[in-house]
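> Below are the sequence and a predicted model; questions follow.
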Amino acid sequence: MTAPIDTLKELEARVRDLEVTAQRTGQNLDAAITPLRAEVDRLRAAQNPAQPPAPKGDPTRWERVQLARAPGRPTALDYVEHLCTEFTELHGDRRYGDDPALIGGPARWQGVPVMLLLQQKGRDTKSKIKRRFGSANPEGYRKAVRLMDLADKFGLPVVALVDTQGAYPGLEAEERGQGWAIAESIRRMLNLRVPVVNVVIGEGGSGGALAIGVGNRVLIQENAWYSVISPEGAASIIWKDASKAPLAAEALRLTAPDLLELGIVEEVIPEPEGGAHLNPQQAAQAVGEAVTRHLRDLMAQSPTDLKTGRAARFRRLGAYTETT
Amino acid sequence: MALDRFFRRRRPQQQGGADMPDLWTQCPKCKEGLYNRDLETNAFVCHKCGHHLRLDAAQRVTVLLDEGSFTQLSGAVQPTDALAFQDTESYPERLKRAQKKTGRPDAILTGTGAILGVPVTLAVMDFAFSGGSMGSVVGEEIARAAEHAARHGTPLVIVTASGGARMQESALSLMQMAKTTVALETLAEQGLPYVSLLTDPTTGGVTASFATIADVIVAEPGALIGFAGPRVIQQTIRQSLPDGFQRAEFLLSHGMVDAVVDRREQREYLASLLGLLTRREVSA
Ligand SMILES: [Zn+2]
């Protein structure tokens, strides 16, 4: 499917006009611009050969959620093994402990020195339990803040791989300020003066995912999901029945194509036929290519532009109308 | 009759039955019958047990600001159903109901005013509107309030009361956590103070974003404040939660808030604090 070029050009021109008007008159035209931008992104995406092929027996939203959780789906560390020649994991938040659910450290990503932040679910039952299936405690987010400080200090771009059902909902997590830790991590990432590229590689559950998800470019794999709440959580609230999760998944529009349409992600990274778990090597190649391409692009920008560009990206997200 | 019902719905807590006419409100904690006029003069705090009754946004403004000082900023931004969200009811229908109940477009009221003469920009979440949930309108209005404060050189006070991010706007709601943070950083760059006042209840995405990155975090006595809800935590750990867990006093003892301040003393507390942080000189 190819996008009608004229329409895309027209839309782009319209967005530019509105942006100029907004700047000149000081009017807030976000309500008019945001949906147009989303449409432009969508049309661009449809033209871009790096995108998944057009609908043809596409999986349903719920099927994609299941693919995101498929046994054998590559974890964050699997991508690191495929794509990084060096990785020095740094431990601890210097306050309380070391969280195995959120790990990181400097690494060489396809040759580029970067700071990695990884939500790591675990590969077998034992490690899954140890890592709480990628659900971080406050010390995980505080370690992320510490590593982002280092990245800023040494000018290392940040690559963050998001894969969590959400921050860990435990008693001790609350005692140690789970909400506080997430909020600080969001703030730290937004203030970075280095490039930040995020990839949702499986599950992007709520604030626990957003905590390391506020970069200059947010990418998502074709069968990953990203939402304010898990489908099970939403189903429990709406129908008091977690088994209605497939219905909730539809309502939440949590798939990669949905998020591209909403303007929440910049790009959908294609997965091998049938899902990343069927060919981790090929999945990793696609992730590596996309991240490196965005990193190279961002590394040409000044530290100030990186920060203000990122701030502007998140400042305009949202959907509302405005009465005068 | 319709008008009568409208007013009754706007009262802070459910009214008593036939033996408790509209002039009275029952304390949800000690069950004491409280004369509404006494309640108002006592900042909606139970005179018997000290319980802080929940307030809607308009009541909060009355309790916090100098009389007649409030000028509203919010109101023009309206929610929209970008996802065509449908569950047991459509999102537009839910919105309409909440709008009728509260008389507001969404769960937020912002404006400017003064606290004992100290000028502030104020944003108040309205728990009566869809549990104070944060969608695009709440995020945008809070961002605009922060930017207004930055432009006009006033401190910012945000009063939170929220179950968290709004499900019906899915990922767009989630992004409001980042949007509000961006705007608050604009304020921080101006060297202007931001104080959050956490009230019952404050949970989820609000706790994990703008509520907890304030320069000073104040909580109301007894308020439930946390990231995960108590029920979710109970399901995770499969044991009962300790007394006072996630209450304001619990958070104070764990170092998460600066102070727990009785509602009747909040004006003095905030005026003094903001005066000091903005280095306001007063004649000795
Ligand atoms: Zn009482």
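Looks like it arrived, so ask away.

> in which helix or strand would I find residue 187?
You didn't say which chain, so I picked chain A. Secondary structure from DSSP states H and E places A:Arg187 in helix A:178-190.

> try chain B instead
helix B:170-189.

> Could I get the average pLDDT for the helix or strand following that helix?
Counting by DSSP H and E, the next helix or strand C-terminal to helix B:170-189 is strand B:194-202. Averaged over strand B:194-202, pLDDT sits at 98.

> Next, see if strand B:194-202 gets close to chain A.
No - using C-beta under 8 Å from any C-beta of the partner chain, strand B:194-202 never reaches chain A; the gap is at least 8.7 Å. Just so you know, the C-beta spots here come from the backbone N, C-alpha and C atoms, and that holds for glycine as well.

> what residue ranges in the chain score low on pLDDT?
Went with chain A since none was named. Residue ranges of chain A with pLDDT under 70: A:1-7, A:23-36, A:38-56.

> nope, chain B
Scanning chain B for pLDDT under 70 picks out B:1-21.

> Show me where it has its helices.
Along chain B, the segments classed as helices by DSSP state H run B:2-9, B:36-41, B:57-64, B:91-102, B:136-152, B:170-189, B:230-237, B:248-253, B:266-277.

> In JSON lines: those helices, plus distance to B:Cys49 and mean neighbour count.
As requested, these are exported to JSON lines (distance: least, C-beta to C-beta, whole Å; neighbours: other C-beta atoms under 10 Å in any protein chain shown):
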{"stretch": "helix B:2-9", "distance to B:Cys49": "24", "mean neighbour count": "10"}
{"stretch": "helix B:36-41", "distance to B:Cys49": "13", "mean neighbour count": "14"}
{"stretch": "helix B:57-64", "distance to B:Cys49": "19", "mean neighbour count": "20"}
{"stretch": "helix B:91-102", "distance to B:Cys49": "27", "mean neighbour count": "16"}
{"stretch": "helix B:136-152", "distance to B:Cys49": "32", "mean neighbour count": "24"}
{"stretch": "helix B:170-189", "distance to B:Cys49": "35", "mean neighbour count": "25"}
{"stretch": "helix B:230-237", "distance to B:Cys49": "21", "mean neighbour count": "16"}
{"stretch": "helix B:248-253", "distance to B:Cys49": "15", "mean neighbour count": "19"}
{"stretch": "helix B:266-277", "distance to B:Cys49": "19", "mean neighbour count": "17"}
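
> Would you format these as a markdown table with distance to the ion included?
Listed next are the helices of chain B as a markdown table, based on distance: least, C-beta to the ion, whole Å:
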| stretch | distance to the ion |
| --- | --- |
| helix B:2-9 | 21 |
| helix B:36-41 | 10 |
| helix B:57-64 | 17 |
| helix B:91-102 | 25 |
| helix B:136-152 | 30 |
| helix B:170-189 | 34 |
| helix B:230-237 | 22 |
| helix B:248-253 | 17 |
| helix B:266-277 | 19 |
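
> Tell me the spacing between the residue nearest to B:Cys46 when sequence neighbours are not counted and chain A.
Closest residue in space to B:Cys46, ignoring its immediate chain neighbours: B:Cys27 at 4.2 Å, by C-beta to C-beta, 6 or more residues apart in numbering or on different chains. Note on B:Cys27: its distance to chain A, by C-beta to the nearest C-beta, to the nearest Å, is 27 Å.

> Same check on B:Leu197?
To chain A, B:Leu197 is 16 Å away according to C-beta to the nearest C-beta.

> From B:Leu64, how far off is that residue?
Separation of B:Leu197 from B:Leu64 (C-beta to C-beta, to the nearest Å) stands at 8 Å.

> Please enumerate the shared neighbours of these two.
Shared contacts of B:Leu197 and B:Leu64 (C-beta atoms under 8 Å, 6 or more residues apart in numbering or on different chains): B:157, B:159, B:266, B:270.
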